[in-house]
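In: sequence and predicted structure, then a few things I'm wondering about:
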Number of protein chains: 2
Amino acid sequence: MAYDSTPAEQMSTTPAVPSNQTVDYVPATRLNEAFAAKADSLKPTLREWLDEPIDLIRFVPSKQEFFGYQALHLAAATDLPSMHWGKGDDFVLDFGTHRVGYLHFRLEAEGVNIDAPTRLKLTFGEISPDVVEDLQPCNTWISTSWIPEEVVTIDWPPQSVTIARRHSFRYLRIQVIDTSPKYRCLFKDLHVRAVSAVSPHVVVPPLKSSDAELIAIDRVAQRTLRDCMHTVFEDGPRRDRRMWLGDLRLQALSSYYTYPAFDLVKRCLYMFAALPREDGSLPATLFEFPTLRPASDYIVDYDALFGPTVYDYVVHSGDVDTGAELWSTILGSMKTALLHITRTGTFDGSATKAWKFCDWVENDPALDIAMQGLVLFCCRRVNDLANLLNKQAPYTEVVQRMSNTLCSQVHNNDFASKLSWTGAAWICLSGALAPPIAKSLLLRVLEDKSSIKPLTPYAWHHVAEALAMVGAERECLEMLKSYWGGMVRAGTDTFWECFDPDDPRASPYGDYHNNSYCHAWSCTPCYLLRGVLKDYLVAVEDGA
Amino acid sequence: MAYDSTPAEQMSTTPAVPSNQTVDYVPATRLNEAFAAKADSLKPTLREWLDEPIDLIRFVPSKQEFFGYQALHLAAATDLPSMHWGKGDDFVLDFGTHRVGYLHFRLEAEGVNIDAPTRLKLTFGEISPDVVEDLQPCNTWISTSWIPEEVVTIDWPPQSVTIARRHSFRYLRIQVIDTSPKYRCLFKDLHVRAVSAVSPHVVVPPLKSSDAELIAIDRVAQRTLRDCMHTVFEDGPRRDRRMWLGDLRLQALSSYYTYPAFDLVKRCLYMFAALPREDGSLPATLFEFPTLRPASDYIVDYDALFGPTVYDYVVHSGDVDTGAELWSTILGSMKTALLHITRTGTFDGSATKAWKFCDWVENDPALDIAMQGLVLFCCRRVNDLANLLNKQAPYTEVVQRMSNTLCSQVHNNDFASKLSWTGAAWICLSGALAPPIAKSLLLRVLEDKSSIKPLTPYAWHHVAEALAMVGAERECLEMLKSYWGGMVRAGTDTFWECFDPDDPRASPYGDYHNNSYCHAWSCTPCYLLRGVLKDYLVAVEDGA
């Protein structure tokens, strides 16, 4: 997840801010020093490795390409050290794949006099438009400081140059603003010091499938996850480098099947647990730098998903002690969600003004029903965790009440027609319905042309997971191939913050130049393919 | 001095390059290791001190001001730490006077979430247009990399920010490109770590004059000199930070009367002496960084002025040993100039293709006569040095021959009408003519509306010094007040690379945004007022 908000008076010339973005009262936070210290002790040592560019390329217009540009090979990057550049020169290096790290090069100069500085503009691109189009001005309602550009001036070359800021990119555009009429510059030893919590030497077992498309989707999902794994699970390394609770749950689930990092998940759980608000709720997102602190953002569903995230961690790691230590934090994180549960077991969004998310779709009339399914899912997971910890399940009564209500609601024929895809997904994920009933409900909603589709990969994931869970594995695979596969066909090697197959320039922020194209909440295909769908894929292979 | 040159094919859209700027054959240099080591051992420890801004200002159009902008006081800089800034904010700080150094500040942030980097554009201004007008695009034939701008992006404020590059400025313009809609930034502890070879605590004796205008001119000249004194005598701290032989002579002369720095002068003499070309000539300019090396630029008159510069140093420092050690270098530096002296004792510019400068005036028909006076001046000074060193004067014959020729030339009535101001000045400075004859010649040329005036402060200096030398002290003072005083009246506190009272936008480079406004070759009023005119000023005071 990633967004920002702004007062109305600043928005005159920029796109409208979503109505759910106004910050009212923010409850005070009681920092839990012990949990913060524990999180700090679990800080991972980042792995570093050197990557070099592969090709010197030029992008040319092409109707065949999703973003409208096709790469032409101009030279091998091994030729770069011998190439001379002067005022106005402009070229693009392709590193072949996406990575996150620090650029370094040695700027040399040749001419009769090296008599002036060299001034360069560097643009770090995740997708082709980043290095073909002007990224500024950027008509967006979030900060343009994220635009991945650097202007550097180097006195008295030859000099070694290291860009101090971390960048997330596959492409590097270098524009030579000026050298001097008396010399031209050269780029020697240009490379990136890539960083991740995951070593590049970690070998992920091959996907048990012979389907090349699924293998590609799984590979891109892995790369997306790895490049979001740093000292925390970031939402995106380009923007906003923040950890969000709902995103963390999907990243952790995906990591268990690819890059096991139990200490990193544990660290992130303790970071949130260190920042409870006075009402026991947890912030939707937090900041690690310059010091650990909560953001003002609060989301009811993200808060409630803390418990299930701990449950997943305990199940996969076997670390029940952490589950026990975080138990009271979990109970606090459920409070606000439960405030919305009515006597009849439905979810009443009007009970508080707190933001309910589930997806970026605005004004989903069925958001309350989606939240009903989500809260029920969370209550059941926390009860399951209680069993693992030999504790009394805290939510048996409310689970019973909500489940009964849901079962009767489903028998109402109008019910399905009211649902969005996301709403139907959470109802299925709640586990209250018998699989056949859940499956027919979900497929009926997905076939209904009038029902609201998901906007974000985050919501698409819950629909896909719901399909797999209710026995619609085939439809789940089709969705993976059509949605995530669509990004692969668009030529990416990391999955994006948002994807609209019909609009390459779509953005939740008004300008796609400020989108993130390596975004953690879209990394779940490796969890679905290696976890939820594992047995199904084996069966498919055997059947084949 | 400061310039650059460029191949014609690169100049299509930019101003024409002076015809004297093409580099042909550059003789090889034989590095004198011993001299280089000696220069290195004399490297000064730079003095450092902290300066803070005084006012937060805004410039508004004003026909009264030379550059067309008047400063309005908005706030005291002491208010800055409490001021909040956001996207699009743009303000100017006035440090009150010119200095050279490194900017530092602590960037803080206040808001509900510090959730994005802060991106700033900093522009360092020596004059008001630098911080009012857009400096780019800059339509110039020299490098635009000198344009004093920095774009910095600061992750995760609060952070301490130090601009690694040295800047030369009085004004600082800060443009907030963006923060984030959720926070605004503040600038705490903003200051500059000023640097110079001259301590700010050095007390220069007051000028022995009650004339406020002369005192102001002297003060500005001192500031100009100090801000050009670093690990070498730079031509200008903004651009090009190179040491030029002809400029060095004037800087050294000015320093003897204000900021005695014999070791720095000695270091600079040895740097040039370390880089003789195979024909014994010395480069017009050299580079200190990244390692000591000559520029390709060669100027006959600058080469010949090495000897007089050593002479001045020996006379003021008493260090005859250095004079003796550099003696053979001096003889080598005279060779090329003497190649141009004819049997009849005139100067024949066509004898070599080497560049003869004297001033930026192009196609001065009397350049040969100016060079004749300059070479005669140099020969006499080297002979004087020989006497100080108890050596045989090497140029008695050529001095006799050139002097006789000059004396007879002067008796020709057409002679004066052929002279430019600069030519007349060097003939007077040569000392070959009796003062009354020289004085009437010089005044006649200066009164002649058709004679070519100087373009640069470098050439204006030689005219002013010639006036003082031939007994036209009053006219010399008038010139100081009209020319250098014109810059003072324009509101500067350092003298400029070029000054045209009738054209504030004049530039030798096509675009005045790339001019230098603290330029060493214009610092000589303190030498003239405290040295050449010292006795005259005392007499004026007594007479007053």
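Out: Arrived safely, thanks for sending.
In: tell me where chain A has strands.
Out: A:47-51, A:55-61, A:69-76, A:90-111, A:118-125, A:149-154, A:159-162, A:167-178, A:183-196, A:243-244, A:285-287, A:293-294 (DSSP state E).
In: and the closest residue to chain B within the stretch 301-450 of chain A, how many neighbours?
Out: Taking C-beta to the nearest C-beta, chain B has its nearest neighbour within the stretch 301-450 of chain A at residue A:355, 14.1 Å off. (Each C-beta comes from the backbone N, C-alpha and C, glycine too.) Using other C-beta atoms under 10 Å in any protein chain shown, residue A:355 has 19 neighbouring residues.
In: find me the pLDDT at it, would you?
Out: On the pLDDT scale, residue A:355 is placed at 95.
In: that one bridge partners, please.
Out: Using DSSP bridges, the bridge partners assigned to residue A:355 are residue A:299.
In: mind listing what it touches?
Out: A:20, A:284, A:297, A:298, A:299, A:300 (C-beta atoms under 8 Å, 6 or more residues apart in numbering or on different chains).
In: out of those, which is nearest to chain B?
Out: For the contacts of residue A:355, the nearest to chain B is residue A:297 (7.3 Å; C-beta to the nearest C-beta).
In: name the nearest residue to the closest one, sequence neighbours excluded.
Out: In this structure, residue A:297 finds its nearest non-sequential neighbour in residue A:284, 4.5 Å apart by C-beta to C-beta, 6 or more residues apart in numbering or on different chains.
In: try residue A:444
Out: Spatial nearest neighbour of residue A:444, chain neighbours left out: residue A:416 (5.0 Å); criterion: C-beta to C-beta, 6+ apart.
In: ok, residue A:332 next?
Out: In space, residue A:332 is closest to residue A:280, 2.8 Å off (C-beta to C-beta, 6+ apart).
In: which phi and psi does that neighbour have?
Out: When read as degrees, to the nearest 10, the backbone of residue A:280 gives phi 90, psi -10.
In: so what's it up against?
Out: Residue A:280 makes contact with A:331, A:332, A:333, A:335, A:336 under the criterion C-beta under 8 Å, 6+ apart.
In: can we see that at 7 Å?
Out: Counting by C-beta atoms under 7 Å, 6 or more residues apart in numbering or on different chains, residue A:280 makes contact with A:332, A:333, A:335.
In: same deal with residue A:270?
Out: Contact partners of residue A:270, counting by C-beta under 7 Å, 6+ apart, are A:35, A:38, A:39.
In: what does residue A:319 give?
Out: If you count contacts by C-beta under 7 Å, 6+ apart, residue A:319 has them with A:262, A:313.
In: tell me the residues of chain A that contact chain B?
Out: Counting by C-beta under 7 Å from any C-beta of the partner chain, the residues of chain A close to chain B are A:4-6, A:10, A:23, A:112-113, A:115-119, A:141, A:143-146, A:151, A:153, A:155-156, A:158, A:165, A:178-182, A:240, A:242, A:289-290, A:295-296.
In: of the contacts of residue A:280, which belong to helices?
Out: Taking DSSP state H as the definition of helices, the contacts of residue A:280 contribute A:332, A:333, A:335.
In: list the contacts of the last one.
Out: Residue A:335 makes contacts with A:279, A:280, A:281, as judged by C-beta under 7 Å, 6+ apart.
In: these two touch, right, the last one and residue A:337?
Out: Read that as residue A:281. No: proximity of residue A:281 to residue A:337 does not meet the contact threshold set by C-beta atoms under 7 Å, at 9.0 Å.
In: residues shared between the contacts of those two?
Out: Listed contacts common to residue A:281 and residue A:337 are residue A:303; contacts here mean C-beta under 7 Å, 6+ apart.
In: chain B: which of the contacts of residue A:270 is nearest?
Out: If you rank these by distance to chain B using C-beta to the nearest C-beta, residue A:39 comes first, at 17.5 Å.
In: state the distance from the closest one to residue A:243.
Out: Between residue A:39 and residue A:243 the computed distance is 11 Å (C-beta to C-beta, to the nearest Å).
In: what's the burial count for residue A:134?
Out: 9.
In: typo on my end, it should be residue A:124
Out: Count around residue A:124 with other C-beta under 10 Å applied: 24.
In: how about it, what does it touch?
Out: Residues near residue A:124 by C-beta under 7 Å, 6+ apart: A:148, A:167, A:168, A:169, A:172.
In: any idea what it is bridged to?
Out: residue A:172.
In: does residue A:426 touch residue A:370 like I think?
Out: Yes: at 4.8 Å, residue A:426 counts as touching residue A:370 under the criterion of C-beta under 7 Å.
In: neighbour-wise, which of these two wins?
Out: The residue with more neighbours, out of residue A:426 and residue A:370, is residue A:370; 29 against 26, by other C-beta under 10 Å.
In: could you measure the more buried one against residue A:46, distance?
Out: Note on residue A:370: its distance to residue A:46, by C-beta to C-beta, is 37 Å.
In: for chain B, what's the nearest residue on the stretch 151-300 of chain A?
Out: For the stretch 151-300 of chain A, C-beta to the nearest C-beta, closest residue to chain B: residue A:181, 2.7 Å.
In: quick check: phi and psi on that residue?
Out: Dihedral angles (degrees, to the nearest 10) for residue A:181: phi -60, psi -20.
In: longest helix anywhere in chain A?
Out: As assigned by DSSP H, the longest helix anywhere in chain A is helix A:367-388.
In: buried ones in that one, by neighbour count?
Out: A:367-386 (16 or more other C-beta atoms under 10 Å in any protein chain shown).
In: same thing with stretch A:81-88?
Out: Within stretch A:81-88, the residues that count as buried by 16+ other C-beta under 10 Å are A:85, A:86, A:87.
In: grab the nearest non-local neighbour of the second one.
Out: So the one you mean is residue A:86. Of all residues not flanking residue A:86 in the chain, residue A:184 sits nearest, at 4.5 Å (C-beta to C-beta, 6+ apart).
In: contacts only, for the one you found.
Out: If you count contacts by C-beta under 7 Å, 6+ apart, residue A:184 has them with A:84, A:85, A:86, A:110, A:111.
In: if I look at the fourth one, how far off is residue A:82?
Out: Read that as residue A:110. On the measure of C-beta to C-beta, residue A:110 and residue A:82 end up 11 Å apart.
In: what of the last one?
Out: When C-beta to C-beta is applied, the distance between residue A:111 and residue A:82 equals 15 Å.
In: what's near enough to touch residue A:56?
Out: Counting by C-beta under 7 Å, 6+ apart, residue A:56 makes contact with A:74, A:75, A:77, A:80, A:91, A:93.
In: before we move on, the earlier item: neighbours of the residue nearest to residue A:297, how many?
Out: 26.
In: same deal with residue A:443?
Out: 16.
In: cool, and residue A:121?
Out: Neighbourhood size, residue A:121 [other C-beta under 10 Å]: 15.
In: now for it: which residues touch it?
Out: Applying C-beta under 7 Å, 6+ apart, the residues near residue A:121 are A:149, A:151, A:175, A:177.
In: excluding covalently adjacent residues, which one is nearest to it?
Out: In this structure, residue A:121 finds its nearest non-sequential neighbour in residue A:175, 4.2 Å apart by C-beta to C-beta, 6+ apart.
In: the one you found and residue A:92 touch, don't they?
Out: No: between residue A:175 and residue A:92 there is no contact under C-beta under 7 Å: 10.0 Å.
In: who has more neighbours, these two?
Out: The neighbour comparison of residue A:175 against residue A:92 (other C-beta under 10 Å) goes to residue A:92, with 23 against 18.
In: once you drop chain neighbours, what's closest to the closest residue to chain B within the stretch 401-544 of chain A?
Out: Nearest to chain B, among the residues of the stretch 401-544 of chain A, is residue A:514, at 10.4 Å (C-beta to the nearest C-beta). Take residue A:514 and drop its neighbours on the chain: the residue closest to it by C-beta to C-beta, 6+ apart is residue A:140, 4.6 Å away.
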